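> this is a predicted model, with the sequence first.
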Amino acid sequence: MHQPDKATLLIAALLGAVLSWSQAATAQQRDIDVHVGQVAGKLDKTFNEVIGAGRANEGLRADWQRQLAEIKRDAGFRYIRMHGLLSDDMGVYKIDAQGKEHYNFQYIDALYDYLLSIGVKPFVELGFMPSAMASGDKTIFWWRGNVTPPRDYAKWGELVKKLTEHWTERYGQAEVATWYFEVWNEPNLDGFWTGTQAEYFRLYDHAARAIKSVSPAYRVGGPATAGAAWIPEMIAHATTNKVPLDFVSTHTYGVNQGFLDEFGTTGTVLSKDDGAIVNDVLKNRREIAASALPKLPLHYTEWSSSYTPSDPTHDSYHQAAYILQKLKQTGNAAQSMSYWVFTDIFEEAGPRFEAFHGGFGLMNTQGIKKPAYFAYQFLNQLGSQELRNGDAKSIATVDGNGDVGVLLWDYTHTLPANINNQQYFIKDLPPRAKGEVRVTLRGVKPGAYTLAISQAGYRRNDAFTAYIGMGSPAQLTRQQVAELKAQATGAPSEQRTVRVGGDGKFSVALPLRENDVVLLKLSSAPGKPAR
């Protein structure tokens, strides 16, 4: 075997030293330093105020209901919004051969009874048009939601009134007063509304007045537009015409092309603009502040990275960090940020033929939890009081027991130029190292604690990368489903007992990679209370 001479060994040693120095110079040291006595205020819970779902009829499925109960338990969502409440598959309205109108709320009752039984309230979306009431036959989606104005606006208003009266009788005025009523969905897109803006306002007026005629305490709003649109126009219309308006609502997504791209064929591109999502929210907030109703609540009743249910960014480990980044940036500028949606049991494009297909859901059809799921699960595990914290990519909290939680992440936009989401996020994408993050907690009561570390990121609660490793089979066996579920539970990856000394200081350092998410929880150890 050839042995290298001393000169070669010296050169190699020098190159190694230079490389080590270079890596050390480029490695990032990130410090999160908080004092548990420095409370900024109550933790804002807009992140789990509302969650989306595809359509009302899907909510009658047993698997849909099981998944909602699971995510309610883990993430704590309080309201749910969905399309199609008044569509024909919910059997709400018909006209018989003699021309007599009939109202039927049995399917809605079954759905809403279930929601309320698990502690989830309706964020009512009034749409789409029952075909017996519609002025045309244009529909959207595989399940044919009618998107035309009513033939008779008075009959539309009467339907809304009858339904609101029914809910009041069934659930009580006090309960229904805690709900939200939103009129239609994305009327600024011709795919969702064949009428004009003026005709939408007329639709809204009849619905809003019908709801308020049952109880002035009920909350109604709109226009539920795509792309943060129509907010000034909506407020101006309501104030000029003295129409009730208790909140405004709209939607935003973080890609640059492809409205109503049901099948992902356009090729969506995740925006590299750091202000994606939040810029729309802040624009609307400025518009409201400049209006005749400057304190009007703002609800984002749909948001996500991408507006197609065929975008693998939704399945990727990158999505967890993306969600946290956007929620942190938005803060309390909106009163809710409703992620679209909680499950891939979602049939706008029809029943899907693949286990992972880039669906909007936090869970896939089989109930396998995607990395995005854990962004919300980890948020829901934080304490009730937020601590002062100068770090832009973390949230630190404390609860009444003195337990401390720190949720931190790295968000890095890694999509290369000249490639779209459908081409990129379907790959196994190992992240680059981002150095080390050191978390220092001060003012902690001395004593024994349990330190639990939970993670989401590449190959950590990352069912999609594991699925890619299986060869991305369109259909999954029961064994494969069990394997993927076992890799995505959200359970701590590390748990140990630690002690905090008399100085009240605790520190831990962790390696960090692109788009990692880490939850640290410091809790009083069982049987060893801090003192």
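Yep, it's here.
> just checking, residue 388 touches residue 36?
No - Residue 388 is beyond contact range of residue 36, at 10.3 Å (criterion: Cβ atoms under 8 Å). In this view, the C-beta of every residue, glycine as well, is placed from N, C-alpha and C.
> of these two, who's got more company?
The neighbour comparison of residue 388 against residue 36 (other Cβ atoms under 10 Å) goes to residue 36, with 22 against 12.
> from residue 191, how far out is that one?
51 Å (Cβ to Cβ, to the nearest Å).
> remind me which residues of the stretch 151-300 of the chain are low pLDDT?
In the predicted model, the stretch 151-300 of the chain carries pLDDT under 70 at residues 257-264.
> which residues touch the closest residue to residue 348 other than its chain neighbours?
Nearest residue to residue 348, sequence neighbours excluded (Cβ to Cβ, 6 or more residues apart in numbering): residue 141, at 4.4 Å. Taking Cβ atoms under 8 Å, 6 or more residues apart in numbering, we find residue 141 in contact with 55, 262, 347-349.
> neighbour count, distance to residue 224 and secondary structure for those - can I get that in CSV?
Below are these laid out as CSV (neighbours: other Cβ atoms under 10 Å; distance: Cβ to Cβ, whole Å; DSSP: H, G, I helix; E, B strand; the rest coil):
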residue, neighbour count, distance to residue 224, secondary structure
55, 24, 15, strand
262, 17, 19, coil
347, 16, 20, coil
348, 20, 16, coil
349, 17, 21, coil
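> run the chain-centre distance for stretch 488-497.
Centre-to-centre, stretch 488-497 and its host chain are 23 Å apart (Cα atoms, centre = their mean, to the nearest Å).
> what are the ranges of the helices in the stretch 251-400 of the chain?
278-289, 318-330, 371-380 (DSSP state H, counting those that start in this stretch).
> buried set for the first one?
The neighbour-count criterion (16 or more other Cβ atoms under 10 Å) identifies 278, 280-285, 287-288 as the buried residues of helix 278-289.
> residues in contact with it?
227-228, 231-232, 235, 248, 250, 252, 273, 294-296, 298, 300, 326, 329-330, 333-334, 337.
> which members of those residues are classed as buried?
Looks like the contacts of helix 278-289 have 228, 231, 235, 248, 250, 252, 296, 298, 300, 326, 329-330, 333-334, 337 buried, using 16+ other Cβ under 10 Å.
> circling back to that earlier point, out of the helices of the stretch 251-400 of the chain, flag the one nearest residue 213.
helix 278-289 (26.3 Å; Cβ to Cβ).
> mind saving the C-alpha coords of the closest one as CSV?
Only the C-alpha atoms of helix 278-289 are listed here, as CSV (Å, rounded to 0.1, in the frame of the first residue of the first chain):
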residue,chain,number,x,y,z
VAL,A,278,-48.4,38.6,7.2
ASN,A,279,-48.3,41.4,4.7
ASP,A,280,-51.9,40.7,3.7
VAL,A,281,-53.0,40.6,7.3
LEU,A,282,-51.4,43.9,8.1
LYS,A,283,-52.8,45.5,5.0
ASN,A,284,-56.3,44.5,6.0
ARG,A,285,-55.7,45.8,9.5
ARG,A,286,-54.6,49.2,8.2
GLU,A,287,-57.7,49.2,5.9
ILE,A,288,-59.9,48.6,8.9
ALA,A,289,-58.2,51.2,11.0
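> tell me what angle it forms with helix 318-330.
30 degrees (axes from the mean of the first three to the mean of the last three Cα atoms, to 10 degrees).
> so residue 523 bridges to which residues?
residue 450 (DSSP bridges).
> got the phi and psi for the nearest residue to residue 376 once chain neighbours are set aside?
Nearest residue to residue 376, sequence neighbours excluded (Cβ to Cβ, 6+ apart): residue 75, at 3.9 Å. Main-chain dihedrals, residue 75, degrees, to the nearest 10: phi -110, psi -20.
> same check, this time on residue 409
Here is the backbone geometry of residue 409 (degrees, to the nearest 10): phi -160, psi 160.
> just to revisit the earlier point, now the buried residues of helix 278-289 in TSV, with distance to residue 68?
Formatted as TSV, the buried residues of helix 278-289 follow (distance: Cβ to Cβ, whole Å):
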residue	distance to residue 68
278	28
280	28
281	26
282	31
283	32
284	29
285	30
287	34
288	31
